[in-house]
Each structure stands twice: as C-alpha cells, then as structure tokens.
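Student: quick one, what's the 3D model for this:
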Amino acid sequence: AAHPAAPLVHVDSAEAYRNEAAVGRALRAQSGGPGRAFLASKLSDRAHLSYDGAKARVAETLRLFGVETVDLYSLHSAFNFLNDAKARADLAGAWRALVELQQKGKVRALGVSNFNAVELRAFAEDPALGGLWVPDVLQNKVDVYRRGEQEPGDDDVLAAAKELDVAVVAYSSLS
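Tutor: Okay, the predicted model is just below:
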C-alpha cells in the first residue's frame, strides 16, 4: 500500500527567534517550495508595534521565507497593553495592519501568543482589537505534565479561549 501523504509540519518562527531567514533557506532547498509546511511567525519587538511597523514586519517575514502568504501571524505578547495607554494604541495600530494584511491575502490566520485569560478577554472585547477581528489562534505554553499557569481557576486561559472560540496552539519544552 502507498504511504499516506506527508503530514503538515508546523514551522514556528518569530522575529525574536531570528530564524526566519533559516526557514526561508530550508524552504528554498526543498524541491517544490513550502509543500506541506504550515508557516507561522510573530511580531516580537516593541519597536515594530505600530501600524507601519507591523506591515513592514510581515513584508520582511514574507521576503525571508520566500513566500507570498504566511499561514499564521501573531502578536508575540500582550506588550502590557492593559497597563500602558501607548502600548495599547500601538497594539491597536499593529492589529489593524494585520487584519488588513489578512484581508489582502498576505496572512491566512491571525493570532496572539503568551496572553493570560484577562488579557485575552480584554483584547477580544476591545473595539479597536477584537472588535476588528477576534484572534483565530492563541499560542501558549501548555505543559501536559505540569499545567502551571494553565491551572483551572479565575485565570484559566484555556477556558477563555474556548469561550471566545479561539483555537489553542500549545507549545511545551521537552524537559
């Protein structure tokens, strides 16, 4: 019997990881381009947290990957938007740019990463953030052996994601 198609491989990248160029080289070395790769990256640097900064960052990601579209683009953190009015305004500008890039087909899905339940709910309820587009994805550390910050309770981010119909992409260390 023939082998089933190769599984989709989630390639997790981020501005902070400085791995986008290496991912692009690997994709170009592969015959047929990205193939079965699901390409994800994140805006990490506060210096790029603005409307223009987000647009430039996605353009750079696409250039480094050597693709026209990225499957998932996320904000790498909440950037303290609940306690810092400037950060909130900058986050709103960056999110508006990401929503526009999704509408133009440059990004397939939008996400947030490393948000707690309070931040996720506040983001979703804010007219300038979730009012434009509720994130498709929440990428957070989830340890299957020691749930840590994901313990059920007042700040259960997994419950908040479920309530908001936000898919969870979990990462965990191998230790």
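Student: the residue nearest the centre of the chain and Gln30, how far apart?
Tutor: Note on the chain: the residue nearest the mean C-alpha position is Ser74, at 2.2 Å, using CA atoms, centre = their mean. Distance from Ser74 to Gln30, counting by CB to CB, to the nearest Å: 24 Å. Glycine gets a C-beta too; all of them are placed from N, C-alpha and C.
Student: please name the bridge partners of the residue nearest to the centre of the chain.
Tutor: Taking DSSP bridges as the rule, Ser74 bridges to Lys42, Gly111.
Student: does it touch Lys42 like I think?
Tutor: Yes: between Ser74 and Lys42 a contact is recorded at 4.5 Å, counting by CB atoms under 8 Å.
Student: overlap in contacts, these two.
Tutor: Gly111, Ser113, Gln139 (CB atoms under 8 Å, 6 or more residues apart in numbering).
Student: need those residues in JSON lines (columns: neighbour count and distance to Lys162).
Tutor: Formatted as JSON lines, the shared contacts of Ser74 and Lys42 follow (neighbours: other CB atoms under 10 Å; distance: CB to CB, whole Å):
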{"residue": "Gly111", "neighbour count": "22", "distance to Lys162": "15"}
{"residue": "Ser113", "neighbour count": "24", "distance to Lys162": "17"}
{"residue": "Gln139", "neighbour count": "23", "distance to Lys162": "15"}
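Student: any idea which of those is closest to Phe79?
Tutor: Ser113 (11.1 Å; CB to CB).
Student: phi, psi of the closest residue to that closest one other than its chain neighbours?
Tutor: Excluding its sequence neighbours, the residue lying closest to Ser113 (CB to CB, 6 or more residues apart in numbering) is Gln139, at 4.2 Å. Per-residue torsions, Gln139: phi -110, psi 110 (degrees, to the nearest 10).
Student: so Gln139 versus Leu62, what's the distance?
Tutor: Separation of Gln139 from Leu62 (CB to CB): 19 Å.
Student: what of Val157?
Tutor: Here Val157 is placed at a distance of 29 Å from Leu62 (CB to CB).
Student: where does this structure dip in pLDDT?
Tutor: In the prediction, the chain carries residues with pLDDT under 70 at positions 1-7, 31-35, 144-155, 173-175.
Student: show me which helix runs longest in it.
Tutor: Looking only at the chain and at elements set by DSSP state H, the helix with the highest residue count is helix 85-103.
Student: in it, what's buried?
Tutor: Neighbour counts over helix 85-103 (16 or more other CB atoms under 10 Å) mark 87-88, 90-102 as buried.
Student: repeat for stretch 156-174
Tutor: Asp156, Val157, Leu158, Ala160, Ala161, Leu164, Val166, Val169.
Student: which ones among those lie within strands?
Tutor: Using DSSP state E, Val169 are the members of these that sit in strands.
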